[in-house]
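coords please:
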Amino acid sequence: MARLHVPIRLRWSDLDAYGHVNNVEMLRLLEEARIQAFWASDEVTDEDAVGSSTAVLDSSPGADTLSFMARQEIEYLVPIPYTRQPLDIQMWFGRLGGASLEICYVVCSPIGVEPFVEYARAATTIVLVDAKTQRPRRIGDRERAAWTPFLDEPLTFIKR
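Predicted structure coming up:
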């Protein structure tokens, strides 16, 4: 299965009073990974960088497409301690529909750090919306071509 591996650094402020990443901050970590992977930026110049082939949504002010969260589910498996190395957020598409898509995530320990730990699993359903009409718009050919290589089975939650 082809997965994107998005490195996301923790901030000290992501921790709560228990010394691990706060559950609300997990939403921010997933958002950061999603933006790196799928929203275009002038900063991505390295062909091997995360998002070099998949970041096809326009993120500039006044963009033609908006994205709305239709659903988000997170399964917390193990508390995430603070680490200076970036977490490895593995991502793929569990579904590419007409106007909506499901992004699947597995939040893991930093690459190369032993033992390997899977901290959380998550899935986000996003609907692409035309900014002018405020109506859902179909996934375009360019987007589908960029994302199809990362299409696989939807995430299975362990404790459902």
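
name the residue closest to the centre of this protein, please.
Of all residues in the chain, the one closest to the mean position by C-alpha atoms, centre = their mean is R34, 3.2 Å from it.

so where's this structure uncertain?
42-49, 51 (pLDDT under 70).

can you pull out the helices in it?
Remark: helices assigned in the chain by DSSP state H are 23-38, 141-147.

how far off centre is the last one?
Right, helix 141-147. Distance of helix 141-147 from the chain centroid (C-alpha atoms, centre = their mean, to the nearest Å) equals 16 Å.

if we can go back for a sec, point out the most buried one among the helices of the chain.
Mean neighbour count (mean count of other C-beta atoms under 10 Å) peaks for helix 23-38 among the helices of the chain, with a mean of 18. Heads up, the C-betas are built off the backbone N, CA and C, glycines and all.

and that one, C-alpha only, in CSV?
The C-alpha trace of helix 23-38 is given here as CSV (Å, rounded to 0.1, in the frame of the first residue of the first chain):
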residue,chain,number,x,y,z
ASN,A,23,-6.5,15.1,22.5
VAL,A,24,-7.6,18.4,21.0
GLU,A,25,-4.1,19.1,19.7
MET,A,26,-4.3,15.8,17.8
LEU,A,27,-6.8,17.6,15.4
ARG,A,28,-4.2,20.3,14.8
LEU,A,29,-1.5,17.7,14.0
LEU,A,30,-3.7,15.9,11.5
GLU,A,31,-4.6,19.3,10.0
GLU,A,32,-0.9,20.2,9.6
ALA,A,33,-0.3,16.8,7.9
ARG,A,34,-3.3,17.3,5.6
ILE,A,35,-2.2,20.8,4.5
GLN,A,36,1.4,19.6,3.7
ALA,A,37,0.1,16.7,1.7
PHE,A,38,-2.8,18.1,-0.3
